[in-house]
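Student: Give me a model of this one.
(one chain, ligands or ions: 1)
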Amino acid sequence: MPTIQTVTVLARRGPCFAAACGLATFIAFLAGAGCSASTHGAVASSLGTPSSSDAIEAVLDRPGPIALEVVNSTDWAVPRSGVINLDNPRAKAAGLKDGDEPIAVFAYVLRHPTRGVFLVDSGVTERLVRDPAGAGVGMFVRWALHPEKMHLHESADHLVARLGAPLAGVFLTHLHLDHVSGMPAVPRGTAVFAGPGETTDRSFWNLFTQGTIDALLAGHAAVQTWGYAPDPSGRTAGVLDVFGDGSLWAILAPGHTPGSTAYVVRTPSGPVLLTGDASWGWEHDVEPGTFSGDRPRSVGSLASLRALAARHPRMTVHFGHQ
Ligand SMILES: [Zn+2]
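Tutor: Coordinates of the predicted model:
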C-alpha cells in the first residue's frame, strides 16, 4: 500500500507521473508474481515407479522390447540465444553469435509389445503452421517465435492417423510450445504425462505464453505428473521405471523447465536417450540459453545426462531439436 507521503508526492507531480508510477508498480507486481505455465489440470501419474540410476544402468545395455521411430515433424528457425547460452566461455570461444538457429521439431513413436503405442512429444499440427492464430498461438508468441518459418515434413495429424493402433499416451519432455504443438491432433481422452511443476511453474513470461499452451491442451485430460523420488546415488535428479518392466525410463532433468524429463528407451538394437531440451550444446558441453528458466540447474542436468551417456557408449542420443 502507498504511504500518505507517497500519495502526496504523486499528487504534487501530476496525474501522468502518478499513472507512470502505477504502471511501474503493476509491472513490478506481475514480474514478481508471474503466472502459471498453464491453467490446464494436473493430477498424479497412474504410471511410473520411482527407481534409481543403479537400476536403470544395470539393464540399460541389454536389448529391449520397444520399437522406436523418430519423426521430424517440422523444420524451423529460432533465436540462437534462446537455445544456447552464448555467454558460456565455450560458446564464446567458438565465435557463436545471435541469429536464426535452424531446428527440427520431433515426435517419437514408441511401440511397446503389450502396453501399446505412445508418443514422446507431439510434433506440430498442420493448422498451427497454416493458421497459427486460428490454432490458438497468441500474438506475442507469433511475434517472438515466427511460426510462419516452420516447414512441415509430417504433421501430427498425419502421424496420428497412420499409427495403425489407438494412441495409448503421450509422454511430454516439457510443456513448451514446440513440444505440445501437435496435441490438437491427439484424440481427446488420451493419457498425457509430464514432469512435476510443468503446468504450475510461475514466471513473468508465462503471462505471454499461458494462453497458447492452454489452447493447445484444450479438451485433453489433466496432465499426469511423474512422481519422482530422489535418486539414491545422486547421479540424477530422479528416475522412474515407466511401465515397471525396465523398458522405458523417465529421468528428471530440471533447468530448462522445472519438470523437464529425458527418456531412455530400450530397443532391440540398444538403448536410446531422448534428451528433450535439456541439451543443446551436447558435444561442447554448453547449456541451453534464455528459453531456459533456470540456467544453473540446466548445467547440472546436462552434465548428468552426458555422464550417463559416457558410461554407456552404445546408447544413441537424440537431442530435442538437432
Ligand atoms: Zn523445444
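
Student: Grab the nearest non-local neighbour of the closest residue to the ion within the stretch 51-200 of the chain.
Tutor: With CB to the ion as the measure, Asp178 is the residue of the stretch 51-200 of the chain nearest to the ion, at 4.3 Å. For every residue, glycine as well, the C-beta is placed using N, CA and C. Leaving out its chain neighbours, the residue that sits closest to Asp178 by CB to CB, 6 or more residues apart in numbering is Val105, at 5.0 Å.

Student: ok so, going back, doesn't the residue of the stretch 51-200 of the chain closest to the ion belong to a strand?
Tutor: No - going by DSSP: H, G, I helix; E, B strand; the rest coil, the assignment for Asp178 is helix, not a strand.

Student: Burial check on the residue in the stretch 201-322 of the chain that the ion sits nearest to, number of neighbours?
Tutor: Relative to the ion, the nearest point of the stretch 201-322 of the chain is Asp277 (4.3 Å; CB to the ion). If you count neighbours by other CB atoms under 10 Å, Asp277 ends up with 25.

Student: starting at the chain centroid, how far to stretch 61-74?
Tutor: 19 Å (CA atoms, centre = their mean, to the nearest Å).

Student: which other residues reach it?
Tutor: Outside stretch 61-74, the residues within contact range by CB atoms under 8 Å, 6 or more residues apart in numbering are 104-113, 123-124, 129, 150-156, 159, 182, 245-248, 265-272, 312, 314-315, 318.

Student: what mean pLDDT does that stretch have?
Tutor: On average, the pLDDT along stretch 61-74 is 96.

Student: Please apply the same query to stretch 169-181.
Tutor: Averaging pLDDT along stretch 169-181 gives 95.

Student: Quick check: the gap between Ala144 and Arg62.
Tutor: 44 Å (CB to CB, to the nearest Å).

Student: Those two - which one has more neighbours?
Tutor: Ala144 (14 against 10).

Student: Quick one: find the helix or strand in this protein with the lowest mean pLDDT.
Tutor: helix 4-13 (a mean of 38; mean pLDDT, DSSP states H and E).

Student: about what we covered before: enumerate every residue touching the residue of the stretch 51-200 of the chain closest to the ion.
Tutor: So Asp178 contacts Trp76, Val105, Val124, His321 (CB under 8 Å, 6+ apart).

Student: sorry, back to before: list the beta-bridge partners for the residue nearest to Asp178.
Tutor: Applying DSSP bridges to Val105 gives these bridge partners: Thr74.

Student: please begin residue numbering at 51 from this point
Tutor: Shifting the count to begin at 51 puts that one at Val155.

Student: Correct me if wrong: it contacts Thr175.
Tutor: No - counting by CB atoms under 8 Å, Thr175 is not a contact partner of Val155; they are 11.0 Å apart.

Student: Between the two, which contacts overlap?
Tutor: In contact with both Val155 and Thr175: Ser231, using CB under 8 Å, 6+ apart.

Student: related to what we said a few turns ago, mark which of the contacts of stretch 111-124 are part of helices, please.
Tutor: If you go by DSSP state H, the contacts of stretch 111-124 have Val179, Ala206, Leu209 in helices.

Student: Which of these ranks first by neighbour count?
Tutor: Ala206 (28 neighbours).

Student: so what's it up against?
Tutor: 123, 157, 172-176, 231-236.

Student: Can you add neighbour count and distance to the ion and give those residues back as TSV?
Tutor: Formatted as TSV, the contacts of Ala206 follow (neighbours: other CB atoms under 10 Å; distance: CB to the ion, whole Å):
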residue	neighbour count	distance to the ion
Ser123	26	12
Ala157	25	12
Ser172	28	11
Gly173	31	12
Val174	31	11
Thr175	25	16
Glu176	18	19
Ser231	30	9
Gly232	28	12
Met233	26	14
Pro234	23	17
Ala235	22	18
Val236	24	18
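
Student: so what's the spatially most central residue of the chain up against?
Tutor: Nearest to the geometric centre of the chain sits His224, at 2.6 Å (CA atoms, centre = their mean). Shown in contact with His224 (CB under 8 Å, 6+ apart): Ala244, Gly245, Glu248, His306, Thr307, Gly309, Ser310, Thr311, Gly326, Asp327.
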